[in-house]
Structure formats: C-alpha cells, structure tokens
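S.K.: sequence first, predicted model second:
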Amino acid sequence: MTPDAHPFEGGESAAIDRLAAEILAVDDIEGLTVSGGEPFAQAAGLAALIRQVRAHRDLGLILYTGYRLEDLQRKASDAPGTADLLGRIDLLIDGPYVAAQNDGVPLRGSANQRVIPLTDRYLAHLHCYDSNRPRAVELHVEIGERMLVGIPSARQLAWWRSSKEGPAQAAAMTACPSAKPPSLVGT
C-alpha cells in the first residue's frame, strides 16, 4: 500500500527529542499509530520516543508490525528494545500485509493480520472495528494537497489511485457512528 515506506535504505535520521516535540505540539490527538516499514527494526529508539512522549502526555499507542506477536515475544530477550516496546503498545496489529487478502475489515490491512489488545486502553472501542462494518478512511484536503489516512479497502484504494489526477470527491465514511473511535495521528 505504501511501497515508499518499505525500503530499509534511505530515509531521514531524526533526533528523538525533535520527534517528541513535534508529536507533543499536536494538541487534539489521543494517541499515535505507528506503521512501517517495520517499527521493530528500530525498537529501542521507538520505545525511547514513546517513553519521552508519555512523560509529558498519556498518549495511546497502536502499532502495526509484520511480525507475529509470538515471534516478537520469543526474540524479546535478544533484540534490543523489543521487550520495552512491546510493553508500551496498547493495541498491536500483527502479521505482514498481504494485498491478495485485503478483505476490507477495519483496523487490519489483510485477513492474515490479527488485532491484539495488549492493554485495556482501546477495549471499549474494538466493537467499532468488527468484521461486519466497512473499513473507513479519512480524506484530508488542503490547497494543493490530498492525503488518505487509514487502511483503504481494495475499492477505496482503486478510487484513490484513479482520482489522483482528477478532482477530489469525498464521501463521509464513519466506522462506528454510535461510539467515537480514538483520534490518532500516523507516524
């Protein structure tokens, strides 16, 4: 879905202090969503970032990883920062994204992925993301820029790709009208 996020080469180094300040400068968020590449490739640094942010504000953490939870737990004693990061995650979506298994279920990208609460923080919201509801995405439009936030279904992704050159059209999509899901910012 985001091929530019997958290569391990390239990218930009950033100081944890600077990233924490950027996150904390956003007032109207409840938590963070971290996806890949692979967050556990920098587990120690990411754990330090979350620790620093939470020293100032109690933000939730949803994390997407291509690893299975059991594999992460097995390697936690050998891989620097893995146990620390696992201990800071509120909601884990594990397993690699497989485009052929993109079934449109909210929160996860493909049928092989699992949504695993590691704390109670988001338990009250999980009913908003059951498989009987369509996956929702957000479309942010600013002058000269459009951004799609979320995990698009195959249909939504096809629309996004076909409309990138034409005029932007957006329909309001709500995942769970009866309960407001947490407001998250992608990193």
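M.R.: On my side now, so go ahead.

S.K.: show me the contact partners of the longest helix anywhere in the chain.
M.R.: When secondary structure is assigned using DSSP state H, the longest helix within the chain turns out to be helix 43-54. Contacts with helix 43-54, where a contact means Cβ atoms under 8 Å, 6 or more residues apart in numbering, come from 16-17, 19-20, 23-24, 32, 34, 39, 59, 61, 79-82, 84-85, 88. Using the backbone N, CA and C atoms, a C-beta is placed for each residue, glycine as well.

S.K.: let's see 6 Å
M.R.: Applying Cβ atoms under 6 Å, 6 or more residues apart in numbering, the contact partners of helix 43-54 are 16, 19-20, 23, 39, 59, 61, 80-82, 84-85, 88.

S.K.: show me where this structure has strands.
M.R.: Assignment of strands within the chain using DSSP state E yields the ranges 31-34, 60-64, 91-94, 114-117, 138-142, 145-149, 184-186.

S.K.: those strands: lowest mean pLDDT?
M.R.: Ranked by mean pLDDT, these bottom out at strand 184-186, with a mean of 38.

S.K.: what's the pLDDT at Gly10?
M.R.: The pLDDT attached to Gly10 in the predicted structure is 69.

S.K.: now the helices for the chain?
M.R.: Listed in chain order (using DSSP H), the helices of the chain are 16-24, 43-54, 69-75, 82-86, 154-163.

S.K.: format those helices as CSV; extra columns: mean neighbour count, mean pLDDT and distance to Tyr129.
M.R.: Compiled in CSV, those are given as follows (neighbours: other Cβ atoms under 10 Å; pLDDT from 0 to 100; distance: least, Cβ to Cβ, whole Å):
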stretch, mean neighbour count, mean pLDDT, distance to Tyr129
helix 16-24, 15, 96, 24
helix 43-54, 19, 98, 22
helix 69-75, 14, 96, 18
helix 82-86, 20, 97, 21
helix 154-163, 14, 76, 16
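
S.K.: can those helices go into TSV with extra columns for distance to Gln101?
M.R.: Compiled in TSV, those are given as follows (distance: least, Cβ to Cβ, whole Å):
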stretch	distance to Gln101
helix 16-24	32
helix 43-54	26
helix 69-75	18
helix 82-86	25
helix 154-163	10
